[in-house]
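Visitor: got a sequence here, can you model it:
(chains A and B, ligands or ions: 2)
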Amino acid sequence: MDFKNEQGPISPTPVNSKATILNAVPIRHYGRWIATVFLLLVAMVMVKSLLTNPRFRWGIVGEYIISDPILDGLRLTLILTVVAQFLGILIGIILAIMRLSSNRVLARAAWIYIWFFRGTPLLVQLIFWYNISALYPEIAIGIPFGPTFWQGNANELITPFAVAILGLALNEGAYMAEIVRGGIAGIDKGQSESAKALGMTHMQTLRRVILPQAVKVIIPPTGNQTILMLKTTSLVSVLALADLLYTAQTIYARTFETMPLLLVASLWYLGITSVLTFGQFFLERHFTEGNQQRISFTQRIAGRVSTRKSSSQQGEAGKVNNDD
Amino acid sequence: MIEPALRVEGVRKSYGHVEVLKGIDMQVKPGEVACLVGPSGSGKSTFLRCINHLEKINSGRLYVHGELVGYQEKKGRLYELTDREVCQKRAEIGMVFQSFNLFQHMSVLENIIEAPTRVLKISKEEAIIHARELLELVGLSGREDSLPKQLSGGQQQRVAITRALAMRPKLMLFDEPTSALDPELVGEVLAAMQDLANSGMTMIVVTHEMGFARKVADTVAFMDAGLIVESGPPDEVLDNPQQERTKSFFSKVL
Ligand SMILES: Nc1ncnc2c1ncn2[C@@H]1O[C@H](COP(=O)(O)OP(=O)(O)OP(=O)(O)O)[C@@H](O)[C@H]1O
Ligand SMILES: [Mg+2]
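Guide: Ligands and ions are numbered 1, 2, ... in the order given. Below is the predicted model:
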């Protein structure tokens, strides 16, 4: 390549003897031009059809998008997302710690959990939990083979909402476990070794040394999981739970305005996903830069002051160093 | 007779079928500095890690200040100590690693006060005062708020030494503390260690720095293939080794 450049388009003698600017003719990316033109055409066709095809019925979209039932559905979708994802993260952390435990029973139990929940479709799991009362009509809390403290009817306990949270969180836990495990495994072994050598217990080491460092690695995929969770919650429509999608479905089942209502739901999913993506961006930045330079969110927004301070600090320290 | 700081009797350690320590005997008196030298893979690191029970030994006895490490002996039977008890014992033994192993997400000061406040339950104020005193001794005043990665290797290792000292250990273990350093940074770490030795700290140092061993050590022990082949005062072991293996090792490194 270099050879060609020298002999080819670059003229060996400068055109302008005073200037040292290369008068090189840039490589022409014909392929990219063609692709660009093609994509522009496609985009134009799509925009035109979105705007002019009357069957999209944007008027109806506008009517429903902030209507009460849709907003109620949206609220439920958001609650499911936040609660299930939060519980999923907790379950994931516990499973990851179990998997990395030196106790074989704990490690194996976590492995089986992950194997099971990742190996079966979430939809099946949801329907399974929904029908759990067929297997266990009574649910009791007590000591196995010992006394029972409390007992209840499974059908009353396991509401569709509880099933949704349970199903989504348990399934999410399996995926989060792998993410957390990856984050923990990525931390240098020397970190836990030196913590132990200082007399810190296993739990102290995890909580104070390993997890805070693993967070940096865990955050980006967790953001993805949350976005995925937002959309996965739409599966709970099989439980007749009035989330965003199910609400849209019930409305169009009555009015036959299928497309506009699917658009309403999609626009909300897109909107929330965009907000989450934005939040993810800031979280990631906070945990990568923030951890390196020890500058808090507010300080960073406040601007240059902190940067200047830290650089002068380094200067002083440099002096100290020269002295000794 | 004063109780030795470290008493090791017939310690053996295997990984699977591979025996790495094959019956180590050693004694270190309080205030002494013992240097452990030997070829790579001879089991030096493993031995150090057995002393603070980061590794469990398979047989033999290991006493630190007269107390069995990791176990309790009652009527001729050994009982394993609980996790918490092991941690308490470990807290009395400082360890410095080849790769510093400072907590990457904590500032220098946080690194130093973490264990004193969490393990010894010393108040934060007290821990900070102590940390600053120690930092001054190793010439790192003013770096309290730096993060480990903002420091040179030599500075990081001096912080690691400080972190261990903040626990007021009775015994300090060093595993090749200068091996990961650029040559021009080795001196500052060795100087800090020499100061520490002069202050009366009992130290066991795995090192390839023969100059340091000669100057600071009370005893030099040469280890090879899981055994202490020869040990004695530095001038005897370094300058006039008796064993063939010792001779051939020093002829290569000195
Ligand atoms: N966790 C482990 N599992 C299996 N074998 C190990 C383990 N740790 C160390 N070994 C083996 O034990 C032997 C002694 O290792 P050790 O690290 O104690 O040597 P060393 O004298 O410190 O060497 P170096 O100078 O290279 O640090 C080596 O053969 C090593 O491969
Ligand atoms: Mg070693």
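Visitor: only C-alpha atoms for contact and neighbour calcs from this point on.
Guide: OK.
Visitor: what's the burial count for the closest residue to ligand 1 within the stretch 51-200 of chain A?
Guide: With C-alpha to the nearest ligand atom as the measure, A:Lys189 is the residue of the stretch 51-200 of chain A nearest to ligand 1, at 11.5 Å. Applying the criterion other C-alpha atoms under 10 Å in any protein chain shown, we find 12 residues in the vicinity of A:Lys189.
Visitor: roughly how far does it sit from A:Ala162?
Guide: To A:Ala162, A:Lys189 is 40 Å away according to C-alpha to C-alpha, to the nearest Å.
Visitor: find me the pLDDT at residue 205, would you?
Guide: Defaulting to chain A. You'll see A:Thr205 listed with a pLDDT of 94.
Visitor: wait, chain B was what I had in mind.
Guide: Reading off the confidence values, B:Val205 has pLDDT 96.
Visitor: relative to the host helix or strand of it, what are the paired strands and their orientations?
Guide: When elements are defined using DSSP states H and E, B:Val205 is found to belong to strand B:202-206. The strands beside strand B:202-206 in its sheet (DSSP bridges) come out as strand B:33-37 (parallel), strand B:171-175 (parallel).
Visitor: so where's the chain shaky on pLDDT?
Guide: By default, I'm working from chain A. A:1-20, A:289-324 (pLDDT under 70).
Visitor: let's do chain B instead
Guide: Across chain B, residues meeting the criterion (pLDDT under 70) sit at B:1, B:254.
Visitor: around ligand 1, pick out the residues from it.
Guide: For chain B, the contact set with ligand 1 under C-alpha under 6 Å from any ligand atom comprises B:15, B:20, B:39-46.
Visitor: reformat the residues you listed as CSV; add secondary structure and neighbour count.
Guide: What follows is the residues of chain B next to ligand 1, written out as CSV (DSSP: H, G, I helix; E, B strand; the rest coil; neighbours: other C-alpha atoms under 10 Å in any protein chain shown):
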residue, secondary structure, neighbour count
B:Tyr15, strand, 9
B:Val20, strand, 20
B:Pro39, coil, 15
B:Ser40, coil, 11
B:Gly41, coil, 13
B:Ser42, coil, 19
B:Gly43, coil, 22
B:Lys44, helix, 28
B:Ser45, helix, 16
B:Thr46, helix, 20
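Visitor: hmm, which two among these are most spread apart?
Guide: Using C-alpha to C-alpha, the pair of these lying farthest apart is B:Tyr15 and B:Pro39, separated by 18.8 Å.
Visitor: check contacts around residue 46.
Guide: No chain specified, so I'll use chain A. Shown here is A:Met46, which makes no contacts under the criterion C-alpha atoms under 8 Å, 6 or more residues apart in numbering or on different chains.
Visitor: that's the wrong chain, I meant chain B
Guide: Contacts for B:Thr46 (C-alpha under 8 Å, 6+ apart) come out as B:20-21, B:55.
Visitor: what are the phi and psi angles of B:Ser14?
Guide: Main-chain torsions, B:Ser14, degrees, to the nearest 10: phi -120, psi 150.
Visitor: that one: neighbour count?
Guide: So B:Ser14, with other C-alpha under 10 Å, has 15 neighbours.
Visitor: B:Glu230 versus the closest residue to it other than its chain neighbours, what's the distance?
Guide: Using C-alpha to C-alpha, 6 or more residues apart in numbering or on different chains and skipping residues adjacent in sequence, the residue nearest B:Ser14 is B:Val20, 5.4 Å away. Between B:Val20 and B:Glu230 the distance is 17 Å, computed by C-alpha to C-alpha.
Visitor: what of A:Leu166?
Guide: Taking C-alpha to C-alpha as the measure, A:Leu166 and B:Glu230 are separated by 65 Å.
Visitor: so which of those two has more stuff around it?
Guide: A:Leu166 (21 against 17).
Visitor: can you get me a residue count around A:Leu41?
Guide: Around A:Leu41 there are 12 other residues, counting by other C-alpha under 10 Å.
Visitor: now the strands for chain A?
Guide: A:138-142, A:148-153 (DSSP state E).
Visitor: just send those strands back as a markdown table, with mean neighbour count too.
Guide: Converted to a markdown table, these look like this (neighbours: other C-alpha atoms under 10 Å in any protein chain shown):
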| stretch | mean neighbour count |
| --- | --- |
| strand A:138-142 | 13 |
| strand A:148-153 | 11 |
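Visitor: export the contacts of B:Thr46 to JSON lines and tack on distance to B:Pro177?
Guide: As requested, the contacts of B:Thr46 are arranged in JSON lines below (distance: C-alpha to C-alpha, whole Å):
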{"residue": "B:Val20", "distance to B:Pro177": "22"}
{"residue": "B:Leu21", "distance to B:Pro177": "22"}
{"residue": "B:Glu55", "distance to B:Pro177": "19"}
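Visitor: tell me the one of these nearest chain A?
Guide: The shortest separation between chain A and any of those is 10.9 Å, and it belongs to B:Glu55 (by C-alpha to the nearest C-alpha).
Visitor: how much space separates that closest one from B:Leu62?
Guide: Using C-alpha to C-alpha, we find B:Glu55 at a distance of 12 Å from B:Leu62.
Visitor: more neighbours, those two?
Guide: Looking at B:Glu55 and B:Leu62 with other C-alpha under 10 Å, you find the greater number of neighbours at B:Leu62, namely 27 against 14.
Visitor: which residues touch the more buried one?
Guide: B:6-9, B:11, B:51, B:68-69.
Visitor: now, those that are in strands?
Guide: Using DSSP E, the members of the contacts of B:Leu62 that fall within strands are B:6-9, B:11, B:68.
Visitor: please convert the residues you listed to TSV, extending it with neighbour count and distance to chain A.
Guide: Conversion of the ones in strands among the contacts of B:Leu62 to TSV gives the following (neighbours: other C-alpha atoms under 10 Å in any protein chain shown; distance: C-alpha to the nearest C-alpha, whole Å):
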residue	neighbour count	distance to chain A
B:Leu6	22	17
B:Arg7	20	19
B:Val8	19	19
B:Glu9	15	22
B:Val11	21	20
B:Leu68	18	16
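Visitor: contacting residues around the residue of chain A found nearest chain B?
Guide: Taking C-alpha to the nearest C-alpha as the measure, chain A has A:Gly199 as its residue closest to chain B, at 4.3 Å. For A:Gly199, the contacting residues are B:86-91, B:115, B:119, by C-alpha under 8 Å, 6+ apart.
Visitor: those residues: which two are farthest apart?
Guide: With distance counted by C-alpha to C-alpha, no two of these lie farther apart than B:Val86 and B:Ala115, which are 14.7 Å apart.
Visitor: stretch B:92-111 near chain A at all?
Guide: Yes: judged by C-alpha under 8 Å from any C-alpha of the partner chain, stretch B:92-111 comes into contact with chain A at B:93-95, B:97, B:99, B:101-105.
Visitor: which one of those has the most neighbours?
Guide: B:Met95 (31 neighbours).
Visitor: gap between the helix or strand containing it and the chain center?
Guide: If you go by DSSP H and E, B:Met95 is part of strand B:93-96. Put simply, strand B:93-96 sits 5 Å off its chain's centre (C-alpha atoms, centre = their mean, to the nearest Å).
Visitor: how about stretch B:13-20?
Guide: For stretch B:13-20, the distance between its averaged C-alpha position and the chain's averaged C-alpha position is 22 Å (C-alpha atoms, centre = their mean).
Visitor: again with stretch B:139-159
Guide: So, by C-alpha atoms, centre = their mean, the centroid of stretch B:139-159 is 20 Å from its chain's centroid.
Visitor: residues near the residue lying closest to A:Tyr246 once chain neighbours are set aside, how many?
Guide: In space, A:Tyr246 comes closest to A:Ser237 once its chain neighbours are excluded; the distance is 5.1 Å by C-alpha to C-alpha, 6+ apart. Other residues near A:Ser237 number 17, with proximity taken as other C-alpha under 10 Å.
Visitor: next up, the contacts around residue 80.
Guide: Reading this off chain A. With contacts defined as C-alpha under 8 Å, 6+ apart, the neighbours of A:Leu80 are A:164-165, A:233.
Visitor: my question was about chain B, not that one.
Guide: With C-alpha under 8 Å, 6+ apart as the criterion, the residues that contact B:Glu80 are B:70-72.
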